[in-house]
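**Q** sequence plus the predicted model coming up.
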Amino acid sequence: MADNLRKYTLQEVLNKVYTDSSGISIGLNSQTAKETLNAVLDSSSNSLNVAVSGGTITGDLTVTGDFKVEGGGSFTYDEILEGQLSVEFLNNTSTSTDSGAGQFDNGIRIENTSIATGAYSQLRLRAGTADGYIRYIYNNVNDGRFGFYTDNTNNVQEMMTIANDGKVGIGAISPEEKLSIESGNIQLENGQALTWSNIGDSNTGRVRIQGDEAQDYIRMRVDNNNAKSLTLTATGVGIGTLSPSQLLHIEGTSFPTA
């Protein structure tokens, strides 16, 4: 009896699973008959590729191994996730000395394999009708930059850049210093200061420039000492004092006369 049984190849079995006699795709498990379930055997890698077109997966989905989602290339969004997406990595730790490609293999990878200058991978974020974009833009071998884009009233522009060497540009896509700002001003809250020190030595604030628009002053100070200061107020300039009483007030000396 066993000799009378026909042996089907895997491809023939798959054909019977998802195609009826008319050649129209049929449903499988949670898929309805109007949805297309395509299953193709890749003999080169001995793997089974399954795709659902127009379908909905309801419930939990657990994938062990690699998981790949591809759109149709038409810039319409075929893959829509409603709710929360959590990606968990176990036993990953990071230190300030992490270096080398092997240290960064785990994680989510968005890839553009083109090596043309300007090729990019992109993450698009949307809130309401406003969009924001984070791009990693290819320049040369092991050389690229992060670009942060906003809608800017429907005129998408790169607003902030992190270059390959860590320099940051605001409005400048090719920063020349640790921080380069183009076509804009820096604003500090009243009473705040620019300070200089060796980072980590706990001496920040000893040498600083401080300003306050509400109280109308700019102060330069060294050695954290008001006696070693230069102050400009609406009254005048003070040297060694924070409160000049006339146009030029030098603390510890007689006032010059006209």
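**A** Arrived safely, thanks for sending. Predicted, not measured: the structure shown is a model, and the values here were computed from it.
**Q** next, count neighbours for Thr161.
**A** Per other Cβ atoms under 10 Å, the neighbour tally for Thr161 reads 20. Just so you know, the C-beta spots here come from the backbone N, C-alpha and C atoms, and that holds for glycine as well.
**Q** show me what contacts it?
**A** Contact analysis of Thr161 by Cβ atoms under 8 Å, 6 or more residues apart in numbering lists Arg145, Phe146, Gly147, Phe148, Val168, Gly169, Ile170, Ala172, Ile173, Ser174, Pro175.
**Q** again, but for Asp143
**A** Contacts for Asp143 (Cβ under 8 Å, 6+ apart) come out as Asn164.
**Q** quick check: bridge partners of it?
**A** When bridges are called by DSSP bridges, Asp143 pairs up with Asn140.
**Q** out of the contacts of Thr161, what pair is the most spread apart?
**A** Using Cβ to Cβ, the pair of the contacts of Thr161 lying farthest apart is Phe148 and Ser174, separated by 15.0 Å.
**Q** tell me which of the two has more neighbours.
**A** Higher neighbour count among Phe148 and Ser174: Phe148, with 15 against 11, using other Cβ under 10 Å.
**Q** any idea what the nearest residue to the more buried one once chain neighbours are set aside is bridged to?
**A** Leaving aside its sequence neighbours, Phe148 sits nearest to Met160 (Cβ to Cβ, 6 or more residues apart in numbering; 4.3 Å). Counting by DSSP bridges, Met160 is bridged to Phe148, Ile170.
**Q** thought Met160 was touching Ile173?
**A** No. Judged on Cβ atoms under 8 Å, Met160 makes no contact with Ile173 at a distance of 9.4 Å.
**Q** which residues are common contacts for these two?
**A** Gly147.
**Q** in three-state terms, label Ala227 for me.
**A** helix (DSSP: H, G, I helix; E, B strand; the rest coil).
**Q** quick one: residues contacting the residue lying closest to it once chain neighbours are set aside.
**A** Spatial nearest neighbour of Ala227, chain neighbours left out: Gly240 (5.2 Å); criterion: Cβ to Cβ, 6+ apart. By Cβ under 8 Å, 6+ apart, the residues touching Gly240 are Asn226, Ala227, Lys228, Ser229, Ile250, Glu251, Gly252.
**Q** where exactly do the helices run in the chain?
**A** Under the criterion DSSP state H, the chain contains helices at 10-18.
**Q** where does it have low pLDDT?
**A** Scanning the chain for pLDDT under 70 picks out the ranges 1-61, 63-83, 87, 89-106, 253-258.
**Q** which segments of it make up each domain?
**A** Domain segmentation of the chain under automatic domain parsing yields 1-80, 110-181, 193-250.
**Q** and the gap between Tyr217 and Gln246?
**A** 15 Å (Cβ to Cβ, to the nearest Å).
**Q** now Thr233
**A** On the measure of Cβ to Cβ, Thr233 and Gln246 end up 11 Å apart.
**Q** more neighbours, the two?
**A** Using other Cβ under 10 Å as the criterion, Thr233 and Gln246 rank with Thr233 on top: 18 against 11.
**Q** hmm, that one is touching Ser245, no?
**A** No. Counting by Cβ under 8 Å, Thr233 sits too far from Ser245 to count as a contact (9.9 Å).
**Q** tell me the contacts of Tyr136?
**A** Tyr120, Ser121, Gln122, Gly144, Arg145, Phe146, Gly147 are the contacts of Tyr136 under Cβ under 8 Å, 6+ apart.
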